[in-house]
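In: Show me how the following folds:
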Amino acid sequence: MDKNCFISIYLDTRRAKKNGKFPIKLRVFTNQPRKQMLYPTAFELTESDFKSVWETTKPRKEHKEFRKKLQVIEIKANEAAESLNHFSFEAFESLLYSTDTKKKDVSYYYHIAIEQYRKNEQIGTASNYDLSLKSLLKFNNDKELQFYEITPQWLKDYEKYMIEVEDEDKNKKKNSLTTVSMYVRALRTIFNNAISEKAINPDLYPFGKRKYNVPTPKGVKKALSKEQLKALFEGQPQTPEQEKAKAFWFFSYFCNGMNTKDIAQLQYKNISGDTLTFYRAKTAKTNSNQAPVTAYLNSFTLNIIEKYGNPDHSPDNYVFSIIEPTATPENKHNQISNFIRYINQHFIKYAKSLKINDKISTYWARHSFATNAIRNGASMEMISELLAHNNLKTTMGYFAGFESEMKKEFAKKLMEF
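Out: Numbers count the residues shown, from 1 in each chain. Below is the predicted model of the structure:
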């Protein structure tokens, strides 16, 4: 236990009750900061009886049972204080007055959140929360994790543990800051959920100013240049798999950087002539007022639908046979993940055959669409609308900036008065 903390049974003689007795309280005192707290108990005694019960070495026979009850209170309080790495009155109270220890457990609230996300068919988010919990528990030596244990310093230690070098010879890092950010943001939500249910004291919240700040790593801009896009679009794939990967990668690019999950869930009722209208699956569960995304099909994308699309154009049929209509949400999630891996694997091979060695993924199509559209003169507001973003800050995160030649050309034009 923190040597700064002292616990004792105390008779509060400041005000006697009508029966002449005084309340017995639990006294907790700290030197730094110098602070005292008195916690109520269910017991009361006169001053003389309290001396007989608690202050004498050998209490009378009729007082021994009373003394044991007070000792239980003192022992429980000391056990609560001893379990804290760094004593605080808030954490101490949270432990001392916990009537449902299970509800104080971090895992309990994680499992509630995971189950809710699964019910909402947000399988990817549920999976992320599951990985977050497993990572936190592993750092905690697979022991139950209580909210009061998670202090700003605990989180700093966790972050260091996640990104430290795993093998000095290979100089390999365990995880990226992006992974740490994802896991810790999930934990932050869990804290907020527990606080909103009044299960823990808000003072236990370890995030924010002068506490722990969730890392916000600057992401690598995943956008291809105009020259790279031209080479990939005009190039000839070497295998049918590469041809299919190219087809769906550019289908995404030409359809406003359409997410692969949205492509998989696209139905024929979303298509009217050369117009494609859909709602983003990523935000459908969290934004009831989201506007539909409209993309215009060109000869290339229409050809992809003709070549790879379901021949039965019934309105409710999926356009592409990526997911099974009767599959469970979990199976649909896995089928989409497998398709993304398929595209990434074969598109990377195709790009390498053209001397483009970046590890290009499906997500690059979305970033490339945003970046090249802005470079070609589209406003940030327009691209934000086409991407169905809620704010411009998100869109700005997609933009890879202007190329050097464009900057040089701009500098030259400054002389044109």
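In: domain parsing for this structure?
Out: 5-96, 101-204, 226-411 (automatic domain parsing).
In: Let me know the average pLDDT across the longest one.
Out: This means domain 226-411. Computed over domain 226-411, the mean pLDDT rounds to 85.
In: for stretch 88-100, same thing?
Out: Rounded mean pLDDT across stretch 88-100 is 71.
In: picking up where we left off before, export the domains of the chain as TSV, with columns for mean neighbour count and distance to residue 215.
Out: Placement of C-beta: from N, CA and C, glycine included. TSV is the format used below for the domains of the chain (neighbours: other Cβ atoms under 10 Å; distance: least, Cβ to Cβ, whole Å):
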stretch	mean neighbour count	distance to residue 215
domain 5-96	15	23
domain 101-204	16	5
domain 226-411	16	15
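In: Tell me which of those domains sits nearest to residue 216.
Out: In terms of Cβ to Cβ, the element of the domains of the chain nearest to residue 216 is domain 101-204, at 6.6 Å.
In: how much distance is there from that closest one to the middle of the chain?
Out: 8 Å (Cα atoms, centre = their mean, to the nearest Å).
In: now do stretch 355-366
Out: In terms of Cα atoms, centre = their mean, the centre of stretch 355-366 is found 25 Å from the chain centre.
In: next one: stretch 321-330
Out: 26 Å.
In: Tell me which residue lies nearest the centroid of this protein.
Out: residue 186 (3.1 Å; Cα atoms, centre = their mean).
In: who touches the closest residue to that one other than its chain neighbours in this structure?
Out: With sequence-adjacent residues excluded and distances taken as Cβ to Cβ, 6 or more residues apart in numbering, residue 186 is closest to residue 132, at 4.0 Å. Residue 132 sits next to 110, 182, 183, 184, 186, 187 when contact means Cβ atoms under 8 Å, 6 or more residues apart in numbering.
In: Next step: the residues you listed restricted to helices.
Out: 110, 182, 183, 184, 186, 187 (DSSP state H).
In: farthest pair in those?
Out: Spatially, the most separated pair among the ones in helices among the contacts of residue 132 is 110 and 182, at 14.0 Å (Cβ to Cβ).
In: Skipping its backbone neighbours, what lies nearest residue 153 in space?
Out: Residue 153's closest residue in space is residue 86 (Cβ to Cβ, 6+ apart), at 7.5 Å.
In: Pretty sure the one you found sits against residue 151.
Out: Yes - between residue 86 and residue 151 a contact is recorded at 6.2 Å, counting by Cβ atoms under 8 Å.
In: from the ones in helices among the contacts of residue 132, which is closest to residue 387?
Out: Looking across the ones in helices among the contacts of residue 132 and measuring by Cβ to Cβ, the closest to residue 387 is residue 182, at 20.8 Å.
In: ok, residues contacting whichever strand or helix holds residue 160?
Out: Residue 160 belongs to helix 152-163 when assigned by DSSP states H and E. With contacts defined as Cβ under 8 Å, 6+ apart, helix 152-163 is touched by 85-86, 135-136, 139, 173-177, 179-180, 183-184, 206-207, 211-212, 215.
In: Give me the subset of those residues lying in helices.
Out: Those of the contacts of helix 152-163 lying in helices (DSSP H): 135, 136, 139, 177, 179, 180, 183, 184.
In: got a pLDDT number for the fourth one?
Out: Pointing back at residue 177 there. 86.
In: Thought residue 215 was touching it, still the case?
Out: Yes - using Cβ under 8 Å, residue 177 makes contact with residue 215 at a distance of 4.7 Å.
In: hey, where'd the strands end up in the stretch 151-300 of the chain?
Out: Applying DSSP state E, counting those that start in this stretch to the stretch 151-300 of the chain gives strands spanning 165-167, 172-173, 271-272, 275-278, 293-296.
In: Could you measure from the residue nearest to residue 153 over to residue 150?
Out: 12 Å (Cβ to Cβ, to the nearest Å).
In: Turn the ones in helices among the contacts of residue 132 into a markdown table, including distance to residue 364.
Out: Output for those, formatted as a markdown table (distance: Cβ to Cβ, whole Å):
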| residue | distance to residue 364 |
| --- | --- |
| 110 | 32 |
| 182 | 20 |
| 183 | 24 |
| 184 | 26 |
| 186 | 26 |
| 187 | 30 |
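In: Closest one of those to residue 36?
Out: residue 187 (33.1 Å).
In: Identify the residues contacting that closest one.
Out: Per Cβ under 8 Å, 6+ apart, neighbours of residue 187: 106, 132, 136, 150.
In: of all those, which two lie farthest apart?
Out: 132 and 150, at 12.5 Å, using Cβ to Cβ across these.
In: any idea how far residue 379 is from residue 258?
Out: Counting by Cβ to Cβ - residue 379 and residue 258 are separated by 20 Å.
In: cool, and residue 164?
Out: Distance from residue 164 to residue 258, by Cβ to Cβ: 38 Å.
In: ok, now residue 372?
Out: The value you get for residue 372 to residue 258, if Cβ to Cβ is used, is 15 Å.
In: mind checking how far the top helix by length along the chain is from the chain centre?
Out: With secondary structure taken from DSSP H, the chain has its longest helix at helix 329-353. Mean-position distance between helix 329-353 and its chain equals 24 Å (Cα atoms, centre = their mean).
In: Tell me which residues are up against it.
Out: Taking Cβ under 8 Å, 6+ apart as the rule, helix 329-353 contacts 118, 121, 123-124, 127, 232, 235, 237-239, 241-242, 244-246, 248-249, 260-261, 264, 322-324, 327, 357-362.
In: hmm, 7 Å instead?
Out: 121, 123-124, 232, 237-238, 241-242, 245-246, 248-249, 260-261, 264, 322-324, 327, 358-362 (Cβ atoms under 7 Å, 6 or more residues apart in numbering).
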